[in-house]
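Engineer: give me a model of this one.
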Amino acid sequence: MKSPQVITANALLEGDAIWLTEDDRWTRDMAEAELIEHEAHGAIRMLFAQSQPSVAVGVYLADAKPGANGPEPTHFRETFRTRGPSNYAHGKQVELS
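Structural biologist: Coordinates of the predicted model:
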């Protein structure tokens, strides 16, 4: 594994970006995600995440870095996903305004 990663997907019903936590919950806050630093552990966690198609779709590993409050994105795509949908203000965007 070249860098730490988090497991992310989209919530099946709402379409929001979600991240897998260390205690097996899906959260809409990337800072709560489990930061995975070992490839074997990442593979095991991916199997768990992919076993929940009624909750999460499009599961993948995304590069991340440790931050003051938890994992932070390292790529603009993931930064964009933390902000919620961009077509109009709803979800996370409403909470930020």
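Engineer: apart from its chain neighbours, what residue comes closest to residue 26?
Structural biologist: residue 18 (4.4 Å; Cβ to Cβ, 6 or more residues apart in numbering). Every C-beta, even on glycine, is put in place using the N, C-alpha and C of the backbone.
Engineer: neighbouring contacts of stretch 19-37?
Structural biologist: 1, 4-9, 11, 16-18, 42, 45, 48-49, 52, 55-56, 61, 64, 66-67, 69-73, 78, 82, 92 (Cβ atoms under 8 Å, 6 or more residues apart in numbering).
Engineer: which of those residues are buried?
Structural biologist: Among the contacts of stretch 19-37, those buried by neighbour count (16 or more other Cβ atoms under 10 Å) are 4-9, 16-18, 42, 45, 49, 56, 61, 64, 70-73, 78, 82, 92.
Engineer: picking up where we left off before, surely the residue nearest to residue 26 touches residue 56?
Structural biologist: Yes. In this structure, residue 18 is within contact of residue 56 by Cβ atoms under 8 Å, at 6.1 Å.
Engineer: list the residues that contact both of the two?
Structural biologist: Shared contacts of residue 18 and residue 56 (Cβ under 8 Å, 6+ apart): 9, 10, 11, 26.
Engineer: distance of the last one relative to residue 58?
Structural biologist: In other words, residue 26. Note on residue 26: its distance to residue 58, by Cβ to Cβ, to the nearest Å, is 13 Å.
Engineer: between these two, which has more neighbouring residues?
Structural biologist: Legend: neighbour count by other Cβ atoms under 10 Å for residue 26 and residue 58, higher for residue 26 (19 against 10).
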